[in-house]
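S.K.: build me a model from this:
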Amino acid sequence: MSTHALLRALVALVVATVVMLSSRRAHAHTVGLSNGEVRLEGAVLSVSIGLAQGDALRLAPTLDTSKDGRLTSDELGRAHDVLAAAVLDGLATHDGAACAYDRVEATLVEADGVLVRGKITCPSGPPTHLHPPFLTRLGGHRHLARIVVGGATRDVLLTPESPTATLGAASHEGEPRATSFGTFVHLGVFHILTGADHLVFLAGLLLVRGRLRDYVALVTAFTVAHSVTLALAALHVVSLSPRVVEPAIALSIVYVGVESLVVETAPKRPVLTFLFGLVHGFGFAGGLEELSLDRARIPQALVGFNLGVEVGQLFALSALLPLVLFVTKRHTREPVRKALAAAVTLAGAAWLVARLAS
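M.R.: A predicted model of the protein is given here:
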């Protein structure tokens, strides 16, 4: 295969990938994170599960009677039993036997969340295992469970691959036990590597000609900026609605794509990158907000989650930079650079339209 044919194939592959990512869904940050606390007292398991509204609606779409993609207190009050069944039915078992739930409450909480509470009892004895049923229904979902038994507390990260935790005095060997800090690092990496819009923005950001130190300046500006607003949002110092943040992120992608189309170099891009990074930080904060953490856990979660975001960003950059340097090194590859910039622009425009319409 000739060099030109190889380049055309590469461009076609990248463009197809970008377009596919942009069409996945309007809100790219709802990547499936939830948290909960289960407390075993005698034979009764007290349960509290926090979900993002988007995940709650995927589990129980009939809740949204107004068909506007949002939940109101009235909608939740009229049909919270539907959501309770999706969240609590099968959540706990006694040696494989199903347990029953009752005394259910479901309320809206800040940061677009839903909190489901209930009591679980089993006919044959106290619950022995925790197995969130929604892990299989919400693709790629992660659930951070705090388990309190007899005064002992531990945190467990449950996934579709490792969906079960042990309750009571049974052995915990082999379960997905996690220290809180390591768990939040993992979630940060997961968040950015499944956040297609952030990855497309990074790609578009680098599609201008420059030296290696110019690219380092761009990435540094983005990192510092999003770290600032991630911290401010997570600590509830500043809050912006996702209805503002998500379209703004899409608009930033359109801008870097268009600018990369019309210019070869962008000496002022670090300044704009910093401003755009402030917006993306609010998007990253959505990953923590989906967990509905209590305030005592936020500082540790913030540090771990932000570290995970940076680690994930380094992984992404290690894949992007060789391609960018290859494309921008020679003027003969200018059509390739512009084709990639056009793909970035198209992806951003698709997200922008979808998010404004949702």
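S.K.: state the pLDDT value of the spatially closest residue to Thr65 that is not a sequence neighbour.
M.R.: Of all residues not flanking Thr65 in the chain, Glu75 sits nearest, at 5.6 Å (CB to CB, 6 or more residues apart in numbering). The way it works is simple: take the backbone N, C-alpha and C, and place the C-beta from them, glycine included. You'll see Glu75 listed with a pLDDT of 87.
S.K.: what does the helix or strand where Glu75 lies contact?
M.R.: Under the criterion of DSSP states H and E, Glu75 resides in helix 73-88. The contact list for helix 73-88 (CB atoms under 8 Å, 6 or more residues apart in numbering) reads 47, 49, 51, 56, 59-60, 62-66, 101, 104-108, 114, 116, 118, 120, 132-134, 137.
S.K.: swap in stretch 37-47?
M.R.: Contacts of stretch 37-47 (CB under 8 Å, 6+ apart): 36, 48, 88, 91-92, 99, 101, 116-122, 125-127, 130, 145-150, 167-168.
S.K.: pull out the buried members of the residues you listed.
M.R.: Neighbour-count burial (16 or more other CB atoms under 10 Å) applied to the contacts of stretch 37-47 gives 36, 48, 88, 91-92, 99, 101, 116-118, 120-122, 126-127, 130, 145-147, 149, 167.
S.K.: now, those residues that are in strands?
M.R.: Using DSSP state E, the members of the buried ones among the contacts of stretch 37-47 that fall in strands are 36, 48, 92, 101, 116-118, 120-121, 130, 145-147, 149.
S.K.: could you flag which of the contacts of helix 73-88 are buried?
M.R.: Buried residues within those, counting neighbours by 16+ other CB under 10 Å: 47, 49, 51, 56, 59-60, 63-64, 101, 104, 106, 108, 114, 116, 118, 120, 132-134.
S.K.: any figure for the gap between Lys119 and Leu321?
M.R.: Lys119 is 53 Å from Leu321, where distance means CB to CB, to the nearest Å.
S.K.: let me see the ranges of the strands in the chain.
M.R.: 33-41, 44-52, 92-94, 97-98, 100-109, 113-121, 129-130, 142-149, 152-158, 165-166.
S.K.: closest one to Asp214 among the ones you listed?
M.R.: Set against Asp214 and scored by CB to CB, those come closest in strand 33-41, at 34.8 Å.
S.K.: flag every buried residue along that closest one.
M.R.: Buried-residue list, strand 33-41, by 16+ other CB under 10 Å: Leu33, Ser34, Asn35, Gly36, Glu37, Val38, Leu40.
S.K.: what packs against the longest helix along the chain?
M.R.: The longest helix of the chain (DSSP state H) is helix 298-328. Contacts defined by 3 or more CB pairs under 8 Å, 6 or more residues apart in numbering; DSSP states H and E place helix 298-328 against helix 180-193, helix 196-205, helix 212-234, helix 269-289, helix 334-357.
S.K.: in TSV, list these along with mean pLDDT.
M.R.: Putting the helices and strands packed on helix 298-328 into TSV (pLDDT from 0 to 100) gives the following:
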stretch	mean pLDDT
helix 180-193	83
helix 196-205	91
helix 212-234	90
helix 269-289	89
helix 334-357	89
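S.K.: follow-up on the earlier one: do you know which of the strands of the chain lies nearest Ile249?
M.R.: strand 44-52 (17.1 Å).
S.K.: what strands line up against the closest one, and which way round?
M.R.: strand 33-41 (antiparallel), strand 113-121 (antiparallel) (DSSP bridges).
S.K.: quick one: Pro123 and Ala97 touch, right?
M.R.: Yes - with contact defined as CB atoms under 8 Å, Pro123 counts as touching Ala97 (7.4 Å).
S.K.: pick out whichever of the buried residues of strand 33-41 sits closest to Ala233.
M.R.: For these, the nearest to Ala233 is Leu33 (15.1 Å; CB to CB).
S.K.: ok, that closest one - contacts?
M.R.: Ala52, His141, Arg142, His143, Leu144, Leu187, His191, Gly287, Glu290, Leu291.
S.K.: excluding covalently adjacent residues, which one is nearest to the fourth one?
M.R.: So the one you mean is His143. Sequence neighbours aside, Leu158 is the residue nearest to His143 in space, at 4.5 Å (criterion: CB to CB, 6+ apart).
S.K.: Pro123 and Ala97: which is more packed in?
M.R.: More crowded of Pro123 and Ala97, by other CB atoms under 10 Å: Ala97, with 12 against 9.
S.K.: quick revisit: and of the helices and strands packed on helix 298-328, who's closest to Val262?
M.R.: Of all the helices and strands packed on helix 298-328, helix 334-357 sits nearest to Val262, with 8.9 Å by CB to CB.
S.K.: list the buried residues in that closest one.
M.R.: Buried residues in helix 334-357 (16+ other CB under 10 Å): 336-352, 354-355.
S.K.: try stretch 71-78
M.R.: Neighbour-count burial for stretch 71-78, counted by 16+ other CB under 10 Å, picks out Leu71, Glu75, Leu76.
S.K.: got the CA positions of that stretch in CSV?
M.R.: The C-alpha coordinates for stretch 71-78 follow below in CSV (Å, rounded to 0.1, in the frame of the first residue of the first chain):
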residue,chain,number,x,y,z
LEU,A,71,-37.7,14.1,36.9
THR,A,72,-39.8,16.2,39.2
SER,A,73,-40.8,15.5,42.8
ASP,A,74,-44.4,14.8,41.6
GLU,A,75,-43.3,12.4,38.9
LEU,A,76,-41.1,10.5,41.4
GLY,A,77,-43.8,10.5,44.1
ARG,A,78,-46.5,9.0,41.8
